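Asker: next input, structure requested:
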Amino acid sequence: MPYFDAASTAPLHPVARQALLAALDEGWADPARPYRSGRQARMLLDAARETVAEVLGARPDEVSFTSSGTQAVQLGLLGALRGRRRHGAHLLHSAVEHSAVLHTAERWEADGGTATAVPVDRHGRVSAEEFAAAVRPDTVLAALQSANHEVGTLQPVTETAALLGDVPLLVDAAQSAGRLPVPAGWSLLTASAHKWGGPAGVGVLAVRKGVRWSSPLPADEREGGRVPGFANLPAIVAAAAALRAVRDGAEAENARLRALVDLIRRRVPQLVPAVEVVGHPEDRLPHLVTFSCLYVDGEVLLGALDRAGFAVGSGSSCTSSTLTPSHVLAAMGVLTEGNVRISLPAGTTPAEVDAFLDVLPRAVAGIRAPLGLDLPPLGAAAPAETLVLDTLGKHCPIPVIELAKHIDEVAPGGRVAVLSDDEAARHDIPAWCEMCGHTYTGEAPAADYGADRGTAYLVQRNS
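Answerer: Predicted coordinates:
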C-alpha cells in the first residue's frame, strides 16, 4: 500500500533501524553512572546530542530530549512562561499552531494568564508585521511554527523574530527539521523524531543560553533539569542517526518530492471538479499538499482511498465523533470539508503518484454520485424572495451540498438562507461562495426564518 501520510509519522529510516539495534546492545546502561557500561552509554548520548545540536544550529548543552514533540512544546512554553513570569503573563501565537500550542495556551489562560492568536491569510501564513504588532507590554513569549502541519505553508520566522524585540520566540519545527534549514531567530526550538524517520517516542527541546526558563515540573537532574526520567537512549541514538542521514540527502530528495507534489497540485483540480488546493503555492514544504473536495465527507473519502490501497491523511476533524472542523482550515477561511492531506515519504515513486491520481477521481465521483448534484435545475424562484434551506440537525458537508443543489432555484441576484446548527457551516458556506463565485452576505438568527435554533447563513446568487 502506498503510504502518503509522512506528516503524521514517517517510515523508520534504514539508518535509524541499524542504529537502534546497535544501541540496544551498547546503550542499555544508565548514562549517569560512572562504571564502564554507564560511561559507554554516556558517550552515545553525548554523541547523539551533538549530532542533533549541529543539525538544528544549537549548542549541545542547549538540547534536551523529551518523550515526544508534544511534550517538548508543552515544556518549552510552560517553562519559558514560568521563567519570565515577573515580566508579565501574555502568550502570543499564530491561529494555526499545532494543537500542542493551543492546548497549552488554554491551560495557561485557565491558570490566570492571557493568550492571543494572530490571524493568518488565506494561505495560512501570518504577516510578520501584524504578528509583531500584537506584542503587548506584558507579552513574555511568542510561538510561531516553522511550517504548518496541515497545509505545509512556511511561516516568516526569521522576519518575525527580528521584529519581536526582547520577546523570546518558540519555534515548532516538527514538520521541517531535517528537511529544511532551521530558520534563524528562535529562542526555543522543538522537534519530533518520528517526523523525520526516527523512532517514535523522541522529541527535542532546545533552549538558547540566556533565555529564562524554569521547569513547570518537580526538579530532576536529568536532561539539564528540563525533562525528568530515564532517557530512551537507543531511540535517541537512532533519532540522531536518522536526522543526520535525512539532512545529508535533503537537497536531492526535496527536489524530487517537490516535482511530484507540483504534479499533484496541478492535476487534482483538472481531474476532480470543485476542488480547492490550499496552502501557499510556493512557500511550502516540498513533500506536502492539501486539497479540499466540495460535497464530500473527508473521513468517507479517506476510507475510500484506503480501500483502494492508499494511506493518506486529513487536516479536517469533521467526523461523526467530534463534529469539529480543522482549526487551521477555519482560520484560513477555506473549506473544511472533504479535506485530504498528501505528505510523501522519502522514496515515493512517480508511478505511485500516477496511481493515486488515477484512483482519486473515481473515489470522489463514487461518493458524490448518490447526492444528486448532476440533476437539472428544479426551477427558479422569484428574485425578491429568499429560498430557505432547512439543514438543522445535519452535519458537514450536508449544508453545503444542499446549497449547491438548490442555488439555481433562485434567479441571479436572489438569496438563499441556509439554516444550520453545525459550527462547520460558519466556515464552509463562505468558503463555498468564494470557490463558486457567489456572494456570502452574512448570517442572521434562524428565528428570523421560523426556526427555533441555529443560524441562517445568507448567500446571494451571482449568475
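Asker: where in the protein is pLDDT low?
Answerer: Applying pLDDT under 70 to the chain flags the ranges 315-323, 373-385.
Asker: can you list the domains in it?
Answerer: If you go by automatic domain parsing, the domain ranges for the chain are 10-248, 251-371, 386-460.
Asker: for residue 4, which of the ones you listed is the nearest?
Answerer: Ranking the domains of the chain by their distance to residue 4 (criterion: Cβ to Cβ) puts domain 251-371 first, at 4.8 Å. Bear in mind the C-beta positions are built from the backbone N, C-alpha and C, glycine included.
Asker: need the contact list for residue 71.
Answerer: Counting by Cβ atoms under 8 Å, 6 or more residues apart in numbering, residue 71 touches 203, 227.
Asker: which residues of the stretch 51-200 of the chain fall in strands?
Answerer: In the stretch 51-200 of the chain, the strands defined using DSSP state E, counting those that start in this stretch lie at 63-66, 90-94, 114-118, 139-143, 169-172, 188-192.
Asker: got CSV for the domains of the chain, with distance to residue 1 too?
Answerer: Shown next, in CSV, are the domains of the chain (distance: least, Cβ to Cβ, whole Å):
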stretch, distance to residue 1
domain 10-248, 12
domain 251-371, 5
domain 386-460, 27
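Asker: and of those domains, who's closest to residue 2?
Answerer: Of all those, domain 251-371 sits nearest to residue 2, with 4.4 Å by Cβ to Cβ.
Asker: need the distance between the two termini of that closest one.
Answerer: 45 Å (Cα to Cα, to the nearest Å).
Asker: one more: stretch 62-73?
Answerer: Separation of the first and last residues of stretch 62-73 by Cα to Cα is 15 Å.
Asker: roughly how far is that stretch from the heart of the chain?
Answerer: 18 Å (Cα atoms, centre = their mean, to the nearest Å).
Asker: burial check on the residue lying closest to residue 11 once chain neighbours are set aside, number of neighbours?
Answerer: Nearest residue to residue 11, sequence neighbours excluded (Cβ to Cβ, 6 or more residues apart in numbering): residue 345, at 5.4 Å. Neighbour count of residue 345, defined by other Cβ atoms under 10 Å: 19.
Asker: what of the one 5 residues further on?
Answerer: One way to gauge burial is a neighbour count; for residue 350, by other Cβ under 10 Å, it gives 11.
Asker: again with residue 181
Answerer: Residue 181 has 13 neighbouring residues, counting by other Cβ under 10 Å.
Asker: what sits against it?
Answerer: Listed by Cβ under 8 Å, 6+ apart, the contact partners of residue 181 are residue 57.
Asker: residue 247 too?
Answerer: By Cβ under 8 Å, 6+ apart, residue 247 lies in contact with 55, 178.
Asker: sorry, back to before: these two touch, right, the residue nearest to residue 11 and residue 8?
Answerer: No: under the criterion of Cβ atoms under 8 Å, residue 345 is not in contact with residue 8, lying 10.5 Å apart.
Asker: next up, the contacts around the nearest residue in space to residue 190 that is not next to it in sequence.
Answerer: Distances taken as Cβ to Cβ, 6+ apart place residue 72 nearest to residue 190, at 3.9 Å, with adjacent residues excluded. Listed by Cβ under 8 Å, 6+ apart, the contact partners of residue 72 are 66, 190-192, 203-205.
Asker: if we can go back for a sec, now for the strands of the stretch 51-200 of the chain, which one comes closest to residue 390?
Answerer: Per Cβ to Cβ, nearest to residue 390 of the strands of the stretch 51-200 of the chain: strand 114-118, 33.3 Å.
Asker: next, the angle from that closest one to strand 139-143.
Answerer: Angle, strand 114-118 to strand 139-143, by axes from the mean of the first three to the mean of the last three Cα atoms, to 10 degrees: 40 degrees.
Asker: what pairs with strand 114-118, parallel or antiparallel?
Answerer: Paired with strand 114-118 in the same sheet, following DSSP bridges, are strand 90-94 (parallel).
Asker: give me the contacts around the strand it pairs with.
Answerer: The contact list for strand 90-94 (Cβ under 8 Å, 6+ apart) reads 77, 81, 101-102, 105, 108, 113-118, 120, 126, 131, 134-136, 138-145, 155, 167.
Asker: and those, which are buried?
Answerer: Among the contacts of strand 90-94, those buried by neighbour count (16 or more other Cβ atoms under 10 Å) are 77, 81, 101-102, 105, 108, 113, 115-118, 120, 126, 131, 134-135, 139-145, 155, 167.
Asker: tell me how far residue 70 lies from residue 340.
Answerer: As for residue 70, its distance to residue 340 is 24 Å (criterion: Cβ to Cβ, to the nearest Å).
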